[in-house]
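>>> Take a look and give me a structure for this.
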Amino acid sequence: MTTTHIPRFLSCLIALLSAVLLLAGCGASNGTNRTSSSTEKGDTFHIVTSFYPMYIATINITQGIDGVTVTNMTKPQTGCLHDYQLTIEDMKTLETADAFVVNGAGMESFLDKAMQQKKNLRIIDASKGIELLQEDGEENPHVWLSVTAAIEQVKNITAQLQAADPKHADAYEANSKAYLEKLEALKQEMHATLDGVPHKDIVTFHEAFPYFAKEFGLNIISVIEREPGTEPTPTELEQTIAQVNALPVKVLFTEPQYSPSAAETIAHETGAKIYTLDPVVTGEANESARDAYLTTMRENMRTLKTALQ
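Next up is the predicted model:
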């Protein structure tokens, strides 16, 4: 009897010990997954930005904060969102958003549609409370091209993110303070460089630069394209040519996002030199974008200093 039952007993004991070890192993595995993953849905605050200028500001405010992610909704070469239509891919991106950072001021004309699709979408309005410029009764949305206004936009985004995500409020504040110091230094440098240029009249490509011009005391006497992406009519070309011919310094400013063909026609008729001003609306949504606003605005500053001598 003893020799018959010992193997059976040992078999049962081994099976029991194996089951215990298996359960313990499963428990350890689950615990490790929870500890190592700081990006589980419940722990992550996901921010979506509408386009490149908002992405630049937001990644500076959220830099290095665990549990906060930022995605730019539009593609790198989208540019300004004039007449932009939401895609199915955009709506999928917004479905994951805890907050949607927008320029506001009418730039995102699709916003009502987005909010209809996602009723609880939290909007972070960067231009809230900023005095807007108007042209022919329409508000100009290119707020970020004034450094002073860009500073206010960063403050707006920071405050609204703190309200939406109190858990990371202190980190947002610290990052914002560091970025605002850089923007204030940029503002002082640009004023020191541009306030004293001898010529103030400029012809820009489209209505992107009124906030910039107001800040630095420049006078936009004409724009090459009244509607972005739409070639000027022969009458509009004639008017611009006459205005350029009256300038003591004949210069035209194009934008890298658009074809320079109309500017080249005007330059051919007037002898004007063509320069480029970048409205900071295109670029890759990655870490290299962090200093893109600072770098591009300094390049615009150097271009204007050269052109307006």
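>>> show me where the stretch 101-250 of the chain has strands.
Taking DSSP state E, counting those that start in this stretch as the test, the strands found in the stretch 101-250 of the chain are 123-125, 134-135, 138-139, 201-204, 219-223.
>>> Am I right that residue 269 falls within a helix?
Yes: under DSSP: H, G, I helix; E, B strand; the rest coil, residue 269 sits within a helix.
>>> how close does the nearest residue to it once chain neighbours are set aside sit to residue 152?
Spatial nearest neighbour of residue 269, chain neighbours left out: residue 241 (5.0 Å); criterion: CB to CB, 6 or more residues apart in numbering. Quick note: C-beta positions are derived from backbone N, CA and C, even for glycine. Using CB to CB, to the nearest Å, we find residue 241 at a distance of 38 Å from residue 152.
>>> Also residue 51?
Relative to residue 152, and taking CB to CB, residue 51 is found at 18 Å.
>>> In terms of neighbours, single out the busier of those two.
Comparing residue 51 with residue 152 by other CB atoms under 10 Å, the one with more neighbours is residue 51, at 24 against 18.
>>> How is this protein partitioned into domains?
Domain ranges of the chain: 41-186, 195-277, per automatic domain parsing.
>>> And the helices in this structure, which stretches?
Assigned helices in the chain, in chain order: 2-36, 52-61, 88-95, 111-117, 147-164, 169-194, 210-215, 234-245, 261-270, 292-307 (criterion: DSSP state H).
>>> Can you list the neighbours in contact with the fifth one?
Outside of helix 147-164, the residues within contact range by CB atoms under 8 Å, 6 or more residues apart in numbering are 45, 47, 54, 57-58, 60-62, 98-99, 101, 103, 122, 124-130, 143-144, 168-169, 172-173, 176, 179-180, 183-184, 186-187, 190, 211, 215, 293, 297.
>>> The third one too?
Judged by CB under 8 Å, 6+ apart, the contacts made with helix 88-95 from elsewhere in the structure are 48, 71, 73, 74, 100, 114, 117, 118, 121.
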